Structure formats: C-alpha cells, structure tokens
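Enquirer: Just a sequence and a predicted model for now, questions to come.
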Amino acid sequence: MSRRFGLLAGPLLVAVWVSAGAGIAGLTLLTGAVGWLGGRVLTGDVATTGLGDRAVPRR
C-alpha cells in the first residue's frame with residue numbers, strides 16, 4: 001500500500017509545487033507528514049515509551 005501511496009504522492013507534490021510554489025508545497029508535505037505520524041500513533045504503530053530515558057539531563 002505504501003508504494004502505491006508514494007507513487008501517487010510524488011507527482012501530486014510536484015503538481016502543487018509547480019502550481020502554487022515551493023512554500024505551499026513544503027507546507028503540504030509537512031501537513032501530510034504530521035497526518036501520517038498522527039495516524040501511526042492512533043493505530044499504535046509508534047511507541048513513545050522510553051523516549052524520556054533517552055533525554056539528556058540539563059546541567
């Protein structure tokens with residue numbers, strides 16, 4: 001499924017870039033990435049446990 005999505009998303013991003021400019025294309029890409037990550041979190045595919053252990057304490 002992700003290959004088909006990538007095959008579709010690539011040309012669509014280029015079309016947005018050509019028609020609206022690089023700034024809007026960047027915002028479109030950022031919005032898509034946030035939505036994708038949110039979907040992964042909601043389905044439980046992203047585990048955030050242990051992230052606090054990796055944080056470096058401030059001195």
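Expert: Thanks, I have it.

Enquirer: switch to C-alpha atoms for all contacts and neighbour counts from now on
Expert: Fine.

Enquirer: Poorly predicted segments of this structure, please.
Expert: Within the chain, the stretches with pLDDT under 70 are 1-3, 6, 48, 51, 59.

Enquirer: Please report the distance of the spatially most central residue of it from Gly50.
Expert: When CA atoms, centre = their mean is applied to the chain, the residue found nearest the centroid is Ala33 (1.5 Å). Between Ala33 and Gly50 the computed distance is 23 Å (CA to CA, to the nearest Å).

Enquirer: Regarding this protein, what is its longest helix?
Expert: Secondary structure assigned by DSSP state H gives helix 22-43 as the longest helix of the chain.

Enquirer: which helices and strands sit right next to it?
Expert: helix 2-20 (3 or more CA pairs under 8 Å, 6 or more residues apart in numbering; DSSP states H and E).

Enquirer: Taking helix 22-43 as reference, get the angle to the helix it packs on.
Expert: 150 degrees (axes from the mean of the first three to the mean of the last three CA atoms, to 10 degrees).

Enquirer: could you say what helices and strands helix 2-20 packs with?
Expert: With contacts defined as 3+ CA pairs under 8 Å, 6+ apart, the secondary structure elements packing on helix 2-20 are helix 22-43.

Enquirer: export the helix it packs on as PDB, just CAs?
Expert: The C-alpha atoms that make up helix 22-43 are tabulated as PDB, following Å, rounded to 0.1, in the frame of the first residue of the first chain:
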ATOM      1  CA  ALA A  22       7.800  25.900  -3.200                       C
ATOM      2  CA  GLY A  23       6.400  27.300   0.100                       C
ATOM      3  CA  ILE A  24       3.000  25.800  -0.300                       C
ATOM      4  CA  ALA A  25       4.500  22.500  -1.500                       C
ATOM      5  CA  GLY A  26       6.600  22.500   1.700                       C
ATOM      6  CA  LEU A  27       3.500  23.200   3.900                       C
ATOM      7  CA  THR A  28       1.700  20.400   2.000                       C
ATOM      8  CA  LEU A  29       4.500  18.000   2.700                       C
ATOM      9  CA  LEU A  30       4.700  19.000   6.400                       C
ATOM     10  CA  THR A  31       0.900  18.600   6.800                       C
ATOM     11  CA  GLY A  32       1.000  15.200   5.200                       C
ATOM     12  CA  ALA A  33       3.900  14.100   7.400                       C
ATOM     13  CA  VAL A  34       2.100  15.300  10.600                       C
ATOM     14  CA  GLY A  35      -1.100  13.500   9.500                       C
ATOM     15  CA  TRP A  36       0.800  10.300   8.700                       C
ATOM     16  CA  LEU A  37       2.500  10.400  12.100                       C
ATOM     17  CA  GLY A  38      -0.800  11.100  13.900                       C
ATOM     18  CA  GLY A  39      -2.400   8.100  12.100                       C
ATOM     19  CA  ARG A  40       0.500   5.900  13.100                       C
ATOM     20  CA  VAL A  41       0.200   7.000  16.800                       C
ATOM     21  CA  LEU A  42      -3.500   6.400  16.800                       C
ATOM     22  CA  THR A  43      -3.200   2.900  15.400                       C
END
